[in-house]
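Undergrad: Let's see this in three dimensions:
(one chain, ligands or ions: 2)
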Amino acid sequence: MPDGSRPIIWKATPAQAAFISCPIFEIFFGGARGGGKTDAALGDFVVHADEYGQHAIGLMVRRTRTELVETIERSKQLYIPLGAVYHTQESMWRFPNGARLRFAYLERDSDADAYQGHSYTRVYVEEIGNFPSAVPILKLMATLRSGSGVPCGFRATGNPGGPGHQWVKARYIDPAPLGWKRITFTFTGKDGKEIARDRVYIPSRLEDNPFLGAEYEANLHLSGNEQLVRAWLDGDWNVIAGAFFPEFGPQHIVPAMALPDMWPRFRSGDWGSARPFSIGWWALSDGSVPNLPRGALVRYREWYGWNGTPNEGAKLTAQEVGSGIAAREAGENVSNGASVLDPAAFSSDGGPSIAERIMDGGGKTGAGVHRVDFRRADNKRISQKGAMGGWDQVRARLKGEDGRPMIYFFDTCVHAIRTLPALQHDELRPEDVDSEGEDHAPDEIRYACMSRPYLPKNMPAKDPVFSGIPIGTSPGPNVKMPTMNDLWKDNERGGF
Ligand SMILES: Nc1ncnc2c1ncn2[C@@H]1O[C@H](COP(=O)(O)OP(=O)(O)OP(=O)(O)O)[C@@H](O)[C@H]1O
Ligand SMILES: [Mg+2]
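TA: Numbers count the residues shown, from 1 in each chain. Ligands and ions are numbered 1, 2, ... in the order given. A predicted model of the protein is given here:
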């Protein structure tokens, strides 16, 4: 914070200020290239040093020496005017108040071992996606402790792509794809006590950085393939080379919100026991909520039957799944007639089929009607003889009309958001999905898209599947994005 005696040489952008003032233990500031992440990390240490003086001890790492040199150069521009002195031998800054910031590069994972036993109050990892595995990073995290009671913090920055793309995405993006949400993880410590740690993803966007112009964007276009450049510009973590649905992106994800009761709702399901089952709940927009065009499908809830490990099932019985569905949609008007389930679940070898057992598990209403009922989904995967196949239906909705998607996912539908963009092409039949992948949510998304005719703009919204259910024109709730202030209030200390 400026103490009045020195001129202000650097001022945080709003996104950088949010990063700097965020009190959460583990922060990932990531997304677009050139969003101001490196400056944010360097600025963060100045604020930390101002606050804790000689007790502020920082470590800033990158994967390679060349990368590190760049950061050190920028740190000179920012730190020398503050009276800090750089000690080349130790690669360390000493600030006038005694605070220290050390730079290091970890070319091999085992290089992190050298830091065992050290104590830091801040660990910064720049371009964390350049680390193929989380192992060295976790070792660095273990150095965060302070004998003087300084609140310690881990701060990482990074862009999509790179050898660590998948683990970085799984750790920071998948739990809350839009970011700005405090995610709490608990684990059991050595002494058997439960320890809770908070983590947050703060998205960084190129627009957040007023210091870079169009020229920078043009340069990015020269330096990567189209998919990667899009990932860098939009900060889009769903871009994966060879993806079956490269169309999928942040434009399909919306914050969870209350939807008008009048919207027709149905569910789609894919059965699994040793493999995960997946149930998706859908509402059909009547166009009354901003940014959800008329006719768009909105996945507002999902239930994914996994055991916590990708592609491993929770092994629930069909009855348990049925009663779980009934409990989740209690009080909602979900159309059984429009709900669709994996046709394989209807096959029976004598006893009741999976579908029947799910229906039984859901129980009956007073009138003797099943609470949970499905019809057979149309399982045509690929287009044939002019008829549109399921995957093309999904693709058409992802692409949407006039640049507006016709399918949306609440940010709480983390398994759809995790697995849909990860689908790969089948090597032998590229028009189909490689079914070795984790395709359970995508399969029921496909059933949902296949369950009703595509609804072009200007067509009356009356859907034959839903005939009888009035499509209302209620105004819809105020759609409100979470603000930074929902997470933390103090946003003052963003400059020096
Ligand atoms: N608050 C600021 N004040 C002045 N200049 C800034 C500020 N933030 C960023 N910049 C300038 O914008 C440029 C890009 O910022 P920075 O290097 O921090 O972005 P980045 O997100 O780390 O980029 P990359 O993804 O390429 O690593 C830098 O040249 C930096 O000097
Ligand atoms: Mg950077």
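
Undergrad: can we go C-alpha only for contacts and neighbour counts from here?
TA: Noted.

Undergrad: so where's the stretch 101-250 of the chain uncertain?
TA: Segments of the stretch 101-250 of the chain classed as low confidence (criterion: pLDDT under 70) are 223-228, 239-242.

Undergrad: List, one by one, the residues from it near ligand 1.
TA: Residues of the stretch 101-250 of the chain lying close to ligand 1 (CA under 6 Å from any ligand atom) are 211-212.

Undergrad: Let's see that with 8 Å instead.
TA: 126-127, 157-159, 204, 206, 209-212, 232 (CA under 8 Å from any ligand atom).

Undergrad: any idea how this structure splits into domains?
TA: As given by automatic domain parsing, the domain ranges for the chain are 14-234, 250-492.

Undergrad: ok and the residue in the stretch 101-250 of the chain nearest ligand 1?
TA: The shortest separation between the stretch 101-250 of the chain and ligand 1 is 4.8 Å, found at residue 211 (distances taken as CA to the nearest ligand atom).

Undergrad: That residue: which element?
TA: Per DSSP states H and E, residue 211 falls between elements, in no helix or strand.

Undergrad: Can you list phi and psi of it for me?
TA: Torsion angles at residue 211 (phi, psi; degrees, to the nearest 10) stand at phi -90, psi -10.

Undergrad: now swap in residue 233 and tell me
TA: Backbone torsions for residue 233, taken as degrees, to the nearest 10, come to phi -70, psi -40.

Undergrad: That one is in contact with residue 206, isn't it?
TA: Yes - under the criterion of CA atoms under 8 Å, residue 233 makes contact with residue 206 at 6.5 Å.

Undergrad: which parts of the helix or strand where residue 49 lies are buried?
TA: Secondary structure assigned from DSSP H and E places residue 49 in helix 37-52. Applying a neighbour-count criterion of 16 or more other CA atoms under 10 Å, one finds 37-50, 52 buried in helix 37-52.

Undergrad: next helix or strand past it?
TA: strand 57-62.

Undergrad: From residue 193, how far out is whichever residue of the stretch 301-450 of the chain sits closest to ligand 1?
TA: Distance from ligand 1 to each residue of the stretch 301-450 of the chain (CA to the nearest ligand atom) is smallest for residue 421, at 22.8 Å. Summarising the geometry, the distance separating residue 421 from residue 193, computed by CA to CA, to the nearest Å, is 37 Å.

Undergrad: burial count for residue 366?
TA: 8 (other CA atoms under 10 Å).

Undergrad: cool, and residue 136?
TA: Around residue 136 there are 18 other residues, counting by other CA under 10 Å.

Undergrad: Now do the contacts for it.
TA: Residues in contact with residue 136 (CA atoms under 8 Å, 6 or more residues apart in numbering) are 109-113.

Undergrad: buried stuff in the one helix or strand it maps to?
TA: For residue 136, the element it lies in under DSSP H and E is helix 135-141. Under the neighbour-count criterion of 16+ other CA under 10 Å, helix 135-141 has 136-137, 139-141 buried.

Undergrad: that older thread, just give me the lowest mean pLDDT stretch among the domains of the chain.
TA: Of all the domains of the chain, domain 250-492 carries the lowest average pLDDT, namely a mean of 81.

Undergrad: Distance from it to the middle of the chain?
TA: Counting by CA atoms, centre = their mean, to the nearest Å, domain 250-492 is centred 19 Å from the centre of its parent chain.

Undergrad: returning to that earlier point: what touches both of residue 233 and residue 206?
TA: Overlap between the neighbourhoods of residue 233 and residue 206 consists of 32-33, taking contacts as CA under 8 Å, 6+ apart.

Undergrad: Now do the contacts for the residue nearest the centre of the chain.
TA: The chain has residue 177 as the residue nearest its centroid, 2.2 Å off, counting by CA atoms, centre = their mean. Residues counted as contacts of residue 177 (CA under 8 Å, 6+ apart) are 253, 411, 414, 417.

Undergrad: Thought residue 175 was touching the third one, still the case?
TA: Yes - with contact defined as CA under 8 Å, residue 414 and residue 175 form a contacting pair (6.6 Å).

Undergrad: Which elements pack onto the strand or helix carrying residue 327?
TA: For residue 327, the element it lies in under DSSP H and E is helix 318-328. The contact analysis (3 or more CA pairs under 8 Å, 6 or more residues apart in numbering; DSSP states H and E) places helix 318-328 against helix 354-362.

Undergrad: 10 Å instead, please
TA: The criterion is 3 or more CA pairs under 10 Å, 6 or more residues apart in numbering; DSSP states H and E, and the helices and strands that helix 318-328 contacts are strand 277-284, strand 297-305, helix 354-362.

Undergrad: TSV please, covering the ones you listed and showing mean neighbour count and distance to ligand 1.
TA: Below are those laid out as TSV (neighbours: other CA atoms under 10 Å; distance: least, CA to the nearest ligand atom, whole Å):
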stretch	mean neighbour count	distance to ligand 1
strand 277-284	25	36
strand 297-305	23	32
helix 354-362	23	49
